[in-house]
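Engineer: just a sequence and a predicted model for now, questions to come.
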Amino acid sequence: MEVFKVSRNIAHLIILQRIELASPFLTRARRLFGRYLFSSFFSKYFINISEIGHKYYLLMQNEYKFIENFLKSGQNILSVGSGVGGLELLVSKKQSNTKVSFIEKNYISKKVKYGWDYKNLEAYNDLNLLKEFLLINHMEPKSFKIFDFDKDELPKEKFDLIISLYSLDFHYNFELYSKYFKQVSNNETIIIFDTIRPEFFKKVFEEVNIIKTDNNTLHKSKRIACRHFIN
């Protein structure tokens, strides 16, 4: 597999979620015409669908390498803010008997913003497109469940690994999920996410390791792998 299968609607959603995959033309259009026209028109109709499928696959392959040491067969994984689920799809294909629970918001903000603050209520996902992407790329239906953060009762079982790349504490304050994570983790559960304030989490977890430093994004961040809540 060197390319993910994507429809136009899925490719459009990928661009909104991963702005670094936008072409130079789209980047200029965003600057010239504003974020609303970019998100609703240019990023949907001025895209090369197969190219986005290929670039997104390569990006997720690279993301996989950063978490590979924390993966093994048979894990129960919780994914928060996964986008269309490319990383989780790769994990499922490379690690047998893996189960993934996705927690997502099911709407796309009209004016996409990037970055984190306490008032940020942005979201850009479509749960039907998330499911479509996973199925057309042959992820077994029995190996995943999708939960709408605003409507569904969230899963209550214990998870071996919790992943939230460029979402938790990058777009949303960690406190939004802190209490819930304590309920669904144990002292051995690994929680991986991106943050602009890694030192803060040394007060939250017994163990905090920086596994990636990203200085090339608009908002510089660290990816941390944490274990064992202090309180």
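Structural biologist: In hand now; what should we look at?
Engineer: confirm Ile103 sits in a strand?
Structural biologist: Yes - per DSSP: H, G, I helix; E, B strand; the rest coil, Ile103 lies within a strand segment.
Engineer: in contact with it: list those residues for me.
Structural biologist: Leu78, Ser79, Val80, Gly81, Phe147, Phe149, Leu154 (C-beta atoms under 8 Å, 6 or more residues apart in numbering). The C-beta positions use only the backbone N, C-alpha and C, and glycine is treated the same way.
Engineer: mind running it again at 6 Å?
Structural biologist: For Ile103, the contact set (C-beta atoms under 6 Å, 6 or more residues apart in numbering) comprises Val80, Phe147, Phe149.
Engineer: and the lengthiest helix in the chain, C-alpha only, in PDB?
Structural biologist: In the chain, with assignment by DSSP state H, the single longest helix is helix 49-67. Coordinates of the C-alpha atoms in helix 49-67 are reproduced here as PDB (Å, rounded to 0.1, in the frame of the first residue of the first chain):
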ATOM      1  CA  ILE A  49      -7.300  13.500  -5.100                       C
ATOM      2  CA  SER A  50      -4.800  10.700  -5.800                       C
ATOM      3  CA  GLU A  51      -1.900  13.000  -4.800                       C
ATOM      4  CA  ILE A  52      -3.500  13.700  -1.500                       C
ATOM      5  CA  GLY A  53      -4.100  10.000  -0.900                       C
ATOM      6  CA  HIS A  54      -0.400   9.400  -1.500                       C
ATOM      7  CA  LYS A  55       0.900  12.300   0.500                       C
ATOM      8  CA  TYR A  56      -1.400  11.500   3.400                       C
ATOM      9  CA  TYR A  57      -0.200   7.900   3.400                       C
ATOM     10  CA  LEU A  58       3.500   9.000   3.500                       C
ATOM     11  CA  LEU A  59       2.700  11.400   6.300                       C
ATOM     12  CA  MET A  60       1.000   8.700   8.400                       C
ATOM     13  CA  GLN A  61       3.800   6.300   7.700                       C
ATOM     14  CA  ASN A  62       6.200   8.800   9.300                       C
ATOM     15  CA  GLU A  63       3.800   9.400  12.200                       C
ATOM     16  CA  TYR A  64       3.700   5.600  12.700                       C
ATOM     17  CA  LYS A  65       7.500   5.500  13.200                       C
ATOM     18  CA  PHE A  66       7.300   7.900  16.200                       C
ATOM     19  CA  ILE A  67       4.900   5.600  18.100                       C
END
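Engineer: now do the next helix-or-strand element following it: which elements does it pack against?
Structural biologist: Next in sequence after helix 49-67, counting helices and strands by DSSP states H and E, comes strand 76-80. For strand 76-80, the elements it packs on are strand 99-104, strand 161-164, judged by 3 or more C-beta pairs under 6 Å, 6 or more residues apart in numbering; DSSP states H and E.
Engineer: with mean pLDDT and distance to Ser50 added, can I get the ones you listed in a markdown table?
Structural biologist: Formatted as a markdown table, the helices and strands packed on strand 76-80 follow (pLDDT from 0 to 100; distance: least, C-beta to C-beta, whole Å):
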| stretch | mean pLDDT | distance to Ser50 |
| --- | --- | --- |
| strand 99-104 | 96 | 25 |
| strand 161-164 | 96 | 27 |
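Engineer: distance to Arg35 for those - can I get that in a markdown table?
Structural biologist: Below are those laid out as a markdown table (distance: least, C-beta to C-beta, whole Å):
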| stretch | distance to Arg35 |
| --- | --- |
| strand 99-104 | 21 |
| strand 161-164 | 24 |
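Engineer: before we move on, back to that, quickly name whichever of the contacts of Ile103 is closest to His54.
Structural biologist: Val80 (26.3 Å; C-beta to C-beta).
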